[in-house]
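Enquirer: let me see the structure of the following:
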Amino acid sequence: MRISSIVTMGIVALLLSWPGTSGASVVFTQGAEAADPMTVNNAAMLLGTSNLCAHSDVGGVTGDNLAGRLNPCTISFTNAAGTINIKQPGAGVAMDPKYGPNPTPPPAMIGLSDRVSSIVTDGKNSRAFGVATFSAATPAGGRFPVTLNARGEVSKINPALVGALTPGTGAAQATDPLQLTFTSSGSLTYGFLLGDKSIDPSTGLPVPNLGFFSDEPTGRNIFNASAGLSGVTFNGQSFSGQLFNLVIDSSGVVSSSGNLNVEFTPSPLLGLSASTVQAEDAFIKSNLHLQSDGSVGLDPGVLLPLFGLGAPIDTLTFGFSPGTVTLEDAVGAVASVPEPSTLFLQTATILLALVVSWGRRTITTRPRERDRQF
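Expert: Below you'll find the predicted structure:
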């Protein structure tokens, strides 16, 4: 057999065995964040709000509905290397009140919650959706607990039906700006808990925790958590800007923590060494386990501290003077099944045409040799 025929048969085998989407059923990124409540005992006034944004598209059609209270918004985050840069338009609400007046005496503020979602189907068997939520607990004892959640998913409506998963994206983001006004100097402790220990009242079971799943060879999962702080000092130096940025992502099938990339990027103002940052990456990844539903993530009900409480990085303490301190936590989730590469499809078409053309020439000019080959 000629080398040219071996190469050609190899190209045919490659094209025929290229990973398809017929067996894929779902790609989802389940974000979960419970910001560790700060301890602040001398705040004279606070303003707590939240911003929610969600997006969905499948088969080129978007599910972002701007009717009613929803307005245009953008799901936006990036990683330190700049290789992940999300700027996804969606529908959502801005400056959503996080606390409200207690309707019964004594006068006090009570925690509120809200949800924004976007969902769309392709009219066949695929759908995409994004959901962003926040839930604030009633402030007490100088603490302001809030849980943020975001989920993105692209999936088959009926996984049992044969057919490809239609390309699409589900994405969501939630942030919780908090302004505290002080009339005297003091300090606050800051922690950050990743995860969700809430219980579903309808089942009595923990709600889905931070998790990733994909049985799609071209699937994409991205989770982001971050925090920003201004109007404070750290180790005697003025601090203003992003405190940290965490991105967990994967490409392709997700079946173990080895399929996930973890990138924790702290502010240079924290003065952390490269070895400490690497230890933080390893610490986070070591807590992402294979779950009973096939996803990979935090165990049900687990809250993972990014600072203190066994983490490689200690609890952070910030000082402040009379004035306003602003804190903002954020969580975002993206799941997507991209369109097939146009370049690959064009290349595949050309290669197949060459294979067919070469085969026809062989049949015409050297039938006996071809008979001996097969």
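Enquirer: which pLDDT value belongs to Ala132?
Expert: What the model reports for Ala132 is a pLDDT of 98.
Enquirer: and it, bridged to which residues?
Expert: Following DSSP bridges, Ala132 is listed with bridge partners Val116, Ala150.
Enquirer: my guess is it contacts Ser56. True?
Expert: No. Using Cβ atoms under 8 Å, Ala132 makes no contact with Ser56, being 11.7 Å away. Heads up, the C-betas are built off the backbone N, CA and C, glycines and all.
Enquirer: the more surrounded of those two?
Expert: Between Ala132 and Ser56, Ala132 has the larger neighbour count (other Cβ atoms under 10 Å), namely 34 against 29.
Enquirer: and the more buried one, how far from Pro266?
Expert: For Ala132, the distance to Pro266 equals 25 Å [Cβ to Cβ, to the nearest Å].
Enquirer: for Asn259, same thing?
Expert: Noted for Asn259: a distance of 25 Å to Pro266, by Cβ to Cβ.
Enquirer: the more surrounded of these two?
Expert: Pro266 (21 against 17).
Enquirer: look at that one and report its pLDDT.
Expert: Predicted confidence (pLDDT) for Pro266: 97.
Enquirer: what residues does it make contact with?
Expert: Pro266 makes contact with 243-244, 272, 277, 280, 313, according to Cβ atoms under 8 Å, 6 or more residues apart in numbering.
Enquirer: can you give me phi and psi for Asn65?
Expert: Main-chain dihedrals, Asn65, degrees, to the nearest 10: phi -110, psi 120.
Enquirer: give me the below-cutoff pLDDT ranges for the stretch 251-374 of the chain.
Expert: Along the stretch 251-374 of the chain, segments meeting pLDDT under 70 span 341-374.
Enquirer: could you pull out the helices in it for me?
Expert: In the stretch 251-374 of the chain, the segments counted as helices under DSSP state H, counting those that start in this stretch are 274-286, 342-365, 367-373.
Enquirer: any idea how this protein splits into domains?
Expert: Following automatic domain parsing, one finds the domains of the chain at 22-340, 343-374.
Enquirer: most tightly packed of those domains?
Expert: Neighbour counts (mean count of other Cβ atoms under 10 Å) averaged over each of the domains of the chain peak at domain 22-340, with a mean of 19.
Enquirer: show me how far the one helix or strand Asp57 maps to is from its chain's centre.
Expert: Here Asp57 sits within strand 43-58, counting by DSSP states H and E. Chain-centre distance of strand 43-58: 16 Å, with Cα atoms, centre = their mean, to the nearest Å.
Enquirer: once you drop chain neighbours, what's closest to Thr265?
Expert: Ala80 (4.1 Å; Cβ to Cβ, 6 or more residues apart in numbering).
Enquirer: who's in contact with Gly195?
Expert: Gly195 makes contact with 32-34, 209-210, 298, 302-304, according to Cβ under 8 Å, 6+ apart.
Enquirer: please tell me how far it sits from His289.
Expert: For Gly195, the distance to His289 equals 12 Å [Cβ to Cβ].
Enquirer: shared neighbours of the two, anything?
Expert: Common contact partners of Gly195 and His289 (Cβ under 8 Å, 6+ apart): Leu298.
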